[in-house]
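**Student:** My questions are about this predicted structure, shown below with the sequence.
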Amino acid sequence: MAETDKAPPNSAAKVERATLYVVSTPIGNLRDITLRAIDVLSAVDLVAAEDTRHSRKLFGEYGVRTPMISFHDFNKERQAPKIIKELQSGKAVALISDAGTPGISDPGFYLIREAIRTGIRVQAIPGPTALIPALILSGLPVHRFVFEGFPPPKKGRRRFFEALAGEERTIILYESPHRLQRTLADLLSACGDRNVAIARELTKKFEEILRGRLSELIKSVESRPLKGEIVLVVEGKQKKDKEKA
Ligand code: SAM
């Protein structure tokens, strides 16, 4: 790190006017937040939060008293122009989501794109996201991977899994617990019996990683349905499978 990049802990961040700060927040454990994220959340004029009640807990933990405005999937089209207006008037605004890095499978992307489109300066304050810890804990190759977000629940689902069958890189998916069994079954029929890891409740009390073949984990999830937040990591197509095909 260059000498000039070093900032002593607890130094108050100097935020720039008319800038959107995209701030990563914890994915479960409230201690997983950077010093810079706390500095920026305290220093900006306004925080756009996916669920203001949820984020109040985080703010309480770190004594952040910045006013919040809600910005979620159902009001993003209405709220984005208001937030852009605040930015254009010179305010510094931070964007946070319920968990992790805004924009990764959440409505943050919409505001980031609008800010870029309207010529607003955007800065990332990096930190947690669920996909990276799941990947490194999976034991599957990490040197080349692809993030596919949530599989489509209905329309386009079959095509989605068929397209994954030829993917040679390690595949990362987000999934809700009530669709997990169906997704594991669809992966097995589209891709064959690959190695897979299920990362559940990362950084939280009931954190757990299940590793094995798809057929094994299907049985395990049938006998003990999993609750909570889930990331699936799936082995890519192996060269030998390609030769067989
Ligand atoms: N922006 C977030 C990020 O950076 O990872 C993701 C938001 S997306 C709406 C929520 C999904 O992320 C969950 O359904 C789950 O797939 C994954 N996720 C979030 N927190 C998690 C955790 N603690 N453990 C496992 N998966 C998690």
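**Tutor:** Thanks, I have the structure now. Bear in mind the structure is a predicted one, so any value in this text is a computation, not a measurement.
**Student:** from here on, contacts and neighbour counts on C-alpha atoms
**Tutor:** Fine.
**Student:** Shouldn't Arg211 be within a strand?
**Tutor:** Yes. Under DSSP: H, G, I helix; E, B strand; the rest coil, Arg211 sits within a strand.
**Student:** which one is it nearest to, not counting chain neighbours?
**Tutor:** Excluding the flanking residues, the one nearest Arg211 by C-alpha to C-alpha, 6 or more residues apart in numbering is Ala197, at 4.4 Å.
**Student:** Just list whatever residues bridge to the one you found.
**Tutor:** Counting by DSSP bridges, Ala197 forms beta bridges with Arg211, Val233.
**Student:** Was I right to think it contacts Leu232?
**Tutor:** Yes. Between Ala197 and Leu232 there is a contact at 5.9 Å, judged by C-alpha atoms under 8 Å.
**Student:** Report the contact partners of the residue nearest to Arg211.
**Tutor:** Residues counted as contacts of Ala197 (C-alpha atoms under 8 Å, 6 or more residues apart in numbering) are Ser138, Ile209, Leu210, Arg211, Gly212, Leu232, Val233, Val234.
**Student:** Relative to Asp32, how far out is it?
**Tutor:** Using C-alpha to C-alpha, to the nearest Å, we find Ala197 at a distance of 23 Å from Asp32.
**Student:** same thing with Met68?
**Tutor:** Distance of Met68 to Asp32, given as C-alpha to C-alpha: 21 Å.
**Student:** And Glu201, by the same measure?
**Tutor:** Taking C-alpha to C-alpha, one finds Glu201 at 14 Å from Asp32.
**Student:** Neighbour count: the two, which is higher?
**Tutor:** Glu201 (21 against 15; other C-alpha atoms under 10 Å).
**Student:** Now that one. Nearest residue, chain neighbours left out?
**Tutor:** Nearest-residue entry for Glu201: Glu207, 4.6 Å, with adjacent residues in sequence omitted and distances by C-alpha to C-alpha, 6+ apart.
**Student:** try Leu58
**Tutor:** Leu30 is the one closest to Leu58 (C-alpha to C-alpha, 6+ apart), at 6.8 Å.
**Student:** where does the one you found land in three-state SS?
**Tutor:** Assignment for Leu30 (three-state DSSP): coil.
**Student:** in terms of contact, does it touch Phe59 like I think?
**Tutor:** No. The criterion here is C-alpha under 8 Å, and Leu30 misses it with Phe59 at 10.1 Å.
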